[in-house]
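Chemist: Build the 3D model from these lines:
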Amino acid sequence: MADYVTEIGLLIIGAVLLFRGLPGVIQLIGALEWQRVPGTLLGSGVAGYQTQARGGHAGANVQRSVVAYQYELNGRRFVGQRAAVSFLG
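Modeler: As a prediction, this is how the structure comes out:
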């Protein structure tokens, strides 16, 4: 009986992890069909801040990348600040 409890528990954990990652996989598959165009990097850097200390715990230093770019598609110029990393080409 104990073997079944472990197996069912692992099955539930696997299903939760699958459904949490599924939207990202669907987005990735859709992005593979996007048109590729040249662009210009306007600037990049690192932004940092410190979180508030709570419950006897010290605040955390948080850093994230910041990027700005522009590109042209079908005669329209776009400026963006969001970036994603991919190793798929």
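Chemist: residue contacts, residue 34?
Modeler: For residue 34, the contact set (CB atoms under 8 Å, 6 or more residues apart in numbering) is empty. C-beta coordinates here come from the backbone N, C-alpha and C atoms, glycine included.
Chemist: Give the helix, strand or coil label for it.
Modeler: What DSSP: H, G, I helix; E, B strand; the rest coil gives for residue 34 is coil.
Chemist: gap between it and residue 53?
Modeler: Look at residue 34 and residue 53: by CB to CB, to the nearest Å, they are 43 Å apart.
Chemist: same question, residue 18
Modeler: 36 Å.
Chemist: Repeat that for residue 79.
Modeler: As for residue 79, its distance to residue 53 is 37 Å (criterion: CB to CB).
Chemist: Check which helix or strand the residue nearest to the spatial centre of the chain maps to.
Modeler: When CA atoms, centre = their mean is applied to the chain, the residue found nearest the centroid is residue 84 (6.4 Å). For residue 84, there is no enclosing helix or strand under DSSP states H and E.
Chemist: Look up how far residue 38 lies from it.
Modeler: According to CB to CB, residue 84 stands 18 Å off from residue 38.
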